[in-house]
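Novice: Pasted the sequence and its predicted model underneath.
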Amino acid sequence: MKKMLFSTILLNVIISSTASVYGQSIELLKKLDQKSLHIAAHRGAHQEQPENSIAAIEEAIRQGVSVVEVDVRATKDGVLVLMHDKALNRTTTGEGEVSKHTFTEIQQLRLRNKANGEASEHVVPTLTEALRVAKGKIIVDLDFKEDRKEFIKKTYDLVEKEGMEDEVLFFLYDYKDMPRIYKLNPRVTLFPRARSMKDLNAILQMKITSIIHLDESFTDTKKLNTMRQQGIYFWMNSLGEYDDEAGQEGKDIYRSFLEKYPFVRLIQTDYPNLWQEVLNGF
C-alpha cells in the first residue's frame with residue numbers, strides 16, 4: 001500500500017515538473033496521461049451530424065473520444081462562430097463570406113447535413129455555445145481560421161470566461177507565433193504544427209508546450225519514440241488516405257497507421273467511431 005502511494009506521489013511530481021517546462025495546463029496533461037492514445041473528432045463527429053455543429057460535438061462526446069476539433073471564425077459584427085470555410089456556401093444554406101454577414105443574418109441559415117447537401121434543422125453555433133456543451137466532457141481543439149488576428153484575444157477571453165483553460169488546445173499553423181499568443185493567457189495550452197525536425201526542435205526549445213502536430217514526413221521513429229517517452233505528445237492526422245480507405249474497407253487499415261507511427265499519442269480523424277473500435281480491440 002505504501003509502495004503504491006509513493007508511486008502515485010512520484011507520478012504527480014513528474015507531471016508537475018514536466019508541466020512547468022512544457023505545456024500550460026497541468027490538468028490537461030493529467031487527462032492525456034490517463035491513456036496512451038487519444039482520438040480527436042475532426043469538425044466533430046460529422047459523419048453522423050453536420051460538421052461544426054453542436055450535435056456533432058455531442059456525438060463525439062457520446063462516442064467517447066478525448067478531443068473534438070472545431071473551426072473558429074468571426075461574423076461581420078464580431079461574434080465568434082464555428083465555421084471551417086471562409087464562405088457559407090458548402091456547409092450552410094447561405095452564400096458569401098462569413099465575415100460579410102452579421103450574426104443575426106447567419107442565425108437565419110441552416111447547416112447542411114453533408115457538404116453541399118440537404119438542409120438540416122441545425123443552426124451555426126457560437127463558440128460560447130460549443131464551449132459550454134464540451135465543458136467537463138471533452139477537450140476542445142480550437143482551429144482558429146479567422147483572418148482578422150485581433151479576434152485571437154477575443155477567443156482567449158471567451159475561453160477564460162467559460163473557465164475552460166484546462167480543457168482547450170489552441171492550434172497554431174505557425175509556431176513562431178507562440179511567444180506572442182502565449183502571453184495572452186499562459187494557462188491555455190498552445191498546440192503548434194511542426195513541418196520538419198528543425199521546426200520540432202525550435203518548438204521544444206521555446207519550452208512553451210509539449211503537444212505538437214506532425215505530418216507523414218516525420219519518419220525518425222527511434223528519435224520520436226524517445227521524445228514520446230520524455231513526455232512529448234505527438235498529434236497526427238489519419239485524414240485523407242487512411243480515413244478514406246477505412247471508410248470504404250473497414251477499420252483494419254488503422255492498425256498499419258499505428259505500426260508506421262508508433263510515437264503518436266493523439267490522432268485526428270473523420271471516423272472517430274471506427275478508431276474507437278480499433279482501440280477497444282487492443
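Specialist: Structure's in. What do you need? Please read these numbers as outputs of a predicted model, since none were measured by experiment.
Novice: how about the CA coordinates for stretch 210-224, as CSV?
Specialist: Extracted C-alpha coordinates of stretch 210-224, given in CSV (Å, rounded to 0.1, in the frame of the first residue of the first chain):
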residue,chain,number,x,y,z
SER,A,210,4.6,19.6,-25.2
ILE,A,211,1.8,19.0,-27.7
ILE,A,212,2.9,19.2,-31.3
HIS,A,213,1.2,18.4,-34.6
LEU,A,214,3.3,16.3,-37.0
ASP,A,215,2.7,15.1,-40.5
GLU,A,216,3.6,11.9,-42.5
SER,A,217,7.1,13.4,-43.4
PHE,A,218,8.3,12.5,-39.9
THR,A,219,10.0,9.1,-40.1
ASP,A,220,12.7,9.1,-37.4
THR,A,221,10.8,6.6,-35.3
LYS,A,222,13.6,6.0,-32.8
LYS,A,223,14.1,9.7,-32.0
LEU,A,224,10.4,10.4,-31.9
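Novice: Tell me the buried residues in that stretch?
Specialist: Residues 210-214, 218, 224 are the ones in stretch 210-224 that count as buried (16 or more other CB atoms under 10 Å). No exception for glycine: its C-beta is placed from N, CA and C like everyone else's.
Novice: In helices, which of those fall?
Specialist: Under the assignment DSSP state H, the buried residues of stretch 210-224 contribute residue 224 to helices.
Novice: Greatest separation within the buried residues of stretch 210-224: which pair is it?
Specialist: Pairwise distances across those peak at 16.0 Å for 210 and 218 (criterion: CB to CB).
Novice: contact partners of stretch 88-104?
Specialist: Applying CB atoms under 8 Å, 6 or more residues apart in numbering, the contact partners of stretch 88-104 are 50-52, 73-77, 79, 81, 83-87, 105-106, 109-112, 115-116, 119, 124, 126, 146-148.
Novice: And the helices in the stretch 151-282 of the chain?
Specialist: Counting by DSSP state H, counting those that start in this stretch, one finds helices in the stretch 151-282 of the chain at the ranges 151-161, 178-182, 197-206, 221-229, 241-249, 253-260, 272-280.
Novice: OK, contacts around the nearest residue to residue 111 once chain neighbours are set aside?
Specialist: Using CB to CB, 6 or more residues apart in numbering and skipping the chain neighbours, the partner closest in space to residue 111 is residue 50 (4.0 Å). The contact partners of residue 50, by CB under 8 Å, 6+ apart, come to 56, 91, 111-114, 120, 122.
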